[in-house]
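[1] What follows is a predicted structure for the sequence shown.
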Amino acid sequence: MEATHAQDHGHGHPTGLMRWITTTNHKDIGTLYLWFAFIMLLAGGCLALLIRAELFQPGMQVVTPEFFNQLTTLHGLIMVFGAIMPAMVGFANWQVPMMIGAPDMAFPRMNNWSFWLLPVAAIMLVSSFFVPGGASAGGWTMYPPLFLQGGISNDMTIFAVHILGISSIMGAINIVTTILNMRAPGMTMMKMPLFVWTWLITAYLLIAVMPVLAGTVTMLLTDRHFGTNFFNAAGGGDPVMFQHIFWFFGHPEVYIMILPAFGIVSQVIPAFARKPLFGYASMVYATGSIAILSFIVWAHHMFTTGMPTSAQLFFMYATMLIAVPTGVKVFNWVATMWRGSMTFETPMLFAIGFVCLFTIGGFTGLVLAITPVDIQLQDTYYVVAHFHYVLVSGSLYAIFAGVYFWLPKWTGRMYDEKLGKLHFWLSTIFFNILFFPMHFLGLAGMPRRIPDYALQFADFNALATIGAFGFGLSQLILLVVVLKCIKSGAKAADHTWEGAESLEWTHLPSPPPYHSFVIPPIVK
Amino acid sequence: MTAPIFGALSGKATQGKKQIPHCGDSVCDRGWAFSLDVQQEVVRMADAQQQNSTVLKKLIIVTVLMFGFGFLLVPFYKKICEVTGISKDKIAVSNTQMDPARWVSIEFDANVGKDLPWKFEPMTAHLRVHPGELKQVMYRVVNTTNRTMVGQAIPSYGPARAGGFFKKIECFCFTQQTLKPGEEKIMPVQFVVQNDLPKDVHTITLSYTFYEQVKVGNAS
């Protein structure tokens, strides 16, 4: 990373640690976000490996049931709020200004704050393992009544979520303002690269729902300590109410994690198919439709809490409707590749892996949208398989694709293509060994979040655990690739990928100067 | 739509190269077009900062409103449940078993056995109820003797066939009653007249008779 900026120093800004703490540069902050996300990915991954180690065989071997619950809870929280979301914001910081020809983000000081709140929240979350009673153990969704009971770690989780929420909102405000106001002359909205479009819509979603999450956890906090009874049944409150409010945030949240991934893939596939993106306008409208629909489907997370048939039907059909714009996107990606001059470098491999595996996750989502099926599959491993197919082979694969795609631009050096391909193939093979058997486990009725299981589930669980350790260790290859690239990679060309057409490739050297587009380019 | 944009962009960029006066700039050497007047740019950036703070203010307002909206969802959901009748409490409270179109008169009667000098009377002599409706009446009993006595009330119905449709949920007749000298007790009967009560029954008389209970080994 130091190599990225080595030639740009010399006008008096701090060096060493103080440079990173005080930086207001979008490239520095993007780098910080991405390293933070990678560290959290490894932390959350270690928790996942402990979970899988316990589930390797039936019976209790590795951890206590209480600690197992803490592991599942913190794994979810860390991966959602610590790994996927910060990684996406990291991409936005690096790429949005360069792609629209802006010199930096709109509010550089606020940008610094949005990043540096994250380590505070992460420390609070991780250190909650060491307080009396251990970390939160009620699941990452923080459902009462469990979450209203329990120790101080629940309060630490609430505050961590508050801080993460503030950070996300500040980041989102920054991104919206940058995109709306700081585009280069001639860069009209419908000329923006799709990554910028998906982030604009994602940022609006963040501004709309993160405050609702903040309100929800505030209600939990006041229920716990200040005598209110929003969700406390003993005082006339309603625990199911929490689920309604939480999922009003929670469903848009899952699109917050996937829409930027759509954006990254929409940059990568045209570059390696050497064709313009098929159906640009339909991609923009599909992204908007997904965002709007995400507000009216929340109750499909709670079909078993008891609701009138008419409501179940509404949420079932509304959920299925989302398959339409998502399908538009998948077909557009396939049509982009159709008869393209394709080459299969690592970013393209991850992007194609994304299209195939994310679609599997999308289809299992449709299966779960069917109310009577969902009532059967609620809280089974089928659900676990579904959301790992959309979050790991969806969001995370897009992040990998983006890292390999832009690493030459960011560092000015090429990564090791052989190691990159090894990373992709090992990840994909082990990913499927890890998560595909979970479909069968779920259909057979194995419940999630339980540390022990009936004997008939033993073989598939052993297989999944082998896949988990393979997948987890494969991610260390990424670390090696990135470090090797920064230290000793071959010089990358300015226009590294000949098929890539956005401004950072056509108008900036690799690595870009510390302050790029001080004078904006004119886009015609 | 994207393709022509960036295609056009690179085409124009090479054309524009010769016309740029300050092309000593290393970036310009690569053949990229930049807006010509730097001073214009400074003005443009100042305008942009003004616009940025306007957008910032708007978005902060949206954030605060959405925070409030999270709390508003609480009464909002409650109201929806109320209006649409989804609320489970409402279902539990409303009595769908009651037949409001039909009335049945209940007469309450009280007697004591000849060996039991107690005073025993219903506090309500007469009641009109719907079949399926839960009702409660009270009876009063006083031990007028100067010794502790044990008694049990035995119910009977007129007409006798109505007895099968007269369901008592709570009754003092379920247990023996022990009264100290001069003690007074107010005792409840909770009952429901069932919906399938024969149509020709319009009045039911519930009659209790208290008999003294003698403990084994305690000759009277």
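    Happy to help now that I have it.

[2] where in the stretch 251-400 of chain A is pLDDT low?
    Within the stretch 251-400 of chain A, no stretch has pLDDT under 70.

[3] Can you tell me which residues in it are near chain B?
    Proximity of the stretch 251-400 of chain A to chain B is confined to A:P270, A:K275, A:P276, A:L277, A:Y280, A:A281, A:G306, A:M307, A:P308, A:A311 under the rule C-beta under 8 Å from any C-beta of the partner chain. (Glycine included, C-beta is placed from N, CA and C.)

[4] SS state for A:A261?
    Three-state assignment for A:A261 (DSSP: H, G, I helix; E, B strand; the rest coil): helix.

[5] which of the residues of the stretch 251-400 of chain A next to chain B count as buried?
    Buried subset of those (neighbour count, 16 or more other C-beta atoms under 10 Å in any protein chain shown): A:P270, A:K275, A:P276, A:L277, A:Y280, A:M307.

[6] returning to that earlier point: take the residues of the stretch 251-400 of chain A next to chain B and lay them out in a markdown table including secondary structure.
    Formatted as a markdown table, those follow (three-state DSSP):
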| residue | secondary structure |
| --- | --- |
| A:P270 | helix |
| A:K275 | coil |
| A:P276 | coil |
| A:L277 | coil |
| A:Y280 | helix |
| A:A281 | helix |
| A:G306 | coil |
| A:M307 | coil |
| A:P308 | coil |
| A:A311 | helix |
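
[7] For the spatially closest residue to B:V201 that is not a sequence neighbour, list the residues it contacts.
    Using C-beta to C-beta, 6 or more residues apart in numbering or on different chains and skipping residues adjacent in sequence, the residue nearest B:V201 is B:A162, 5.3 Å away. B:A162 sits next to B:L197, B:P198, B:V201, B:I204 when contact means C-beta atoms under 8 Å, 6 or more residues apart in numbering or on different chains.

[8] Which strand residues bridge the last one?
    What it means is B:I204. Per DSSP bridges, the residues bridged to B:I204 are B:I106.

[9] Measure how buried it is and give me the count.
    By other C-beta atoms under 10 Å in any protein chain shown, 21 other residues sit near B:I204.

[10] do the second one as well
    Applying the criterion other C-beta under 10 Å, we find 10 residues in the vicinity of B:P198.

[11] Quick check: it touching B:R161?
    Yes: counting by C-beta atoms under 8 Å, B:P198 does reach B:R161; the two are 7.1 Å apart.

[12] okay, and the common contacts of those two?
    Common neighbours of B:P198 and B:R161, using C-beta under 8 Å, 6+ apart, do not exist here.

[13] tell me the pLDDT at the residue nearest to B:V201?
    Per-residue pLDDT puts B:A162 at 90.

[14] what's the following helix or strand after the least confident helix or strand in chain A by mean pLDDT?
    Here the helix or strand of chain A ranked lowest by mean pLDDT, DSSP states H and E is helix A:2-5, holding a mean of 42. Next helix or strand after helix A:2-5 toward the C-terminus (DSSP states H and E): helix A:16-22.

[15] and that next one, which residues are buried?
    A:W20.

[16] And the contacts of it?
    A:H13, A:P14, A:D28, A:L32, A:N112, A:W116.

[17] and the fourth one, what does it touch?
    This points to A:L32. A:W20, A:T23, A:G90, A:F115.

[18] so which of those residues comes closest to chain B?
    Chain B has its nearest neighbour among the contacts of A:L32 in A:F115, at 17.9 Å by C-beta to the nearest C-beta.

[19] Which elements pack onto the strand or helix carrying that closest one?
    Assigned by DSSP H and E, A:F115 belongs to helix A:108-127. The contact analysis (3 or more C-beta pairs under 8 Å, 6 or more residues apart in numbering or on different chains; DSSP states H and E) places helix A:108-127 against helix A:26-54, helix A:65-77, helix A:85-100, helix A:152-181.

[20] one step back: return the backbone torsion pair for the residue nearest to B:V201.
    Main-chain dihedrals, B:A162, degrees, to the nearest 10: phi -70, psi -20.

[21] Need the per-residue pLDDT for the spatially most central residue of chain A.
    By C-alpha atoms, centre = their mean, chain A has its centre lying nearest to A:I84, at 2.8 Å. If you check A:I84, the pLDDT there is 97.

[22] pretty sure B:K79 is in a strand, no?
    No: under three-state DSSP, B:K79 sits outside any strand and is assigned helix.

[23] show me the contacts for it.
    With C-beta under 8 Å, 6+ apart as the criterion, no residue contacts B:K79.

[24] which ones are touching B:G158?
    Going by C-beta under 8 Å, 6+ apart, B:G158 touches B:I204, B:T205, B:S207.

[25] what about the closest residue to chain B within the stretch 101-250 of chain A, helix or strand, and which?
    Using C-beta to the nearest C-beta, the closest approach of the stretch 101-250 of chain A to chain B is made by A:G215 at 2.6 Å. Assigned by DSSP H and E, A:G215 belongs to helix A:194-225.

[26] So for that helix, mean pLDDT?
    Helix A:194-225 comes out with an average pLDDT of 96.

[27] Next up, phi/psi of the closest residue to A:I100 other than its chain neighbours, please.
    Spatial nearest neighbour of A:I100, chain neighbours left out: A:R183 (4.5 Å); criterion: C-beta to C-beta, 6+ apart. Torsion angles at A:R183 (phi, psi; degrees, to the nearest 10) stand at phi -70, psi 150.

[28] right, and A:R183 touches A:A102 too?
    Yes: using C-beta under 8 Å, A:R183 is in contact with A:A102, at 6.8 Å.

[29] A:A299 versus the residue nearest to B:T84 when sequence neighbours are not counted, what's the distance?
    Residue nearest to B:T84 in three dimensions, not counting chain neighbours: A:P308, with 7.4 Å by C-beta to C-beta, 6+ apart. The gap separating A:P308 from A:A299 is 11 Å, by C-beta to C-beta, to the nearest Å.

[30] May I ask which helix or strand encompasses A:L508?
    Assigned by DSSP H and E, A:L508 falls within no helix or strand.

[31] isn't it right up against A:Y514?
    No: assessed by C-beta under 8 Å, A:L508 is found out of contact with A:Y514, at 11.6 Å.

[32] Comparing the two, which residue is more hemmed in?
    Per other C-beta under 10 Å, whichever of A:L508 and A:Y514 has more neighbours is A:L508, with 21 against 17.

[33] Give me the pLDDT value at that one.
    On pLDDT, A:L508 comes in at 94.

[34] so who does the closest residue in space to it that isn't next to it in sequence touch?
    Closest residue in space to A:L508, ignoring its immediate chain neighbours: A:S516 at 5.4 Å, by C-beta to C-beta, 6+ apart. Listed by C-beta under 8 Å, 6+ apart, the contact set of A:S516 reads A:K27, A:P97, A:M98, A:P103, A:L508.

[35] Now list the buried members of those residues.
    Buried by 16+ other C-beta under 10 Å: A:K27, A:P97, A:M98, A:P103, A:L508, out of the contacts of A:S516.

[36] OK, now which residue of the stretch 401-524 of chain A is nearest to chain B?
    Closest point on the stretch 401-524 of chain A to chain B, by C-beta to the nearest C-beta, is A:E501, at 3.7 Å.

[37] Any idea how many residues pack against residue 153?
    Defaulting to chain A. By other C-beta under 10 Å, neighbour count at A:S153 equals 24.

[38] Chain B was what I was after
    Neighbours of B:A153 (other C-beta under 10 Å): 25.

[39] Surely it touches B:T175?
    No: contact between B:A153 and B:T175 fails when scored by C-beta under 8 Å: they sit 9.6 Å apart.
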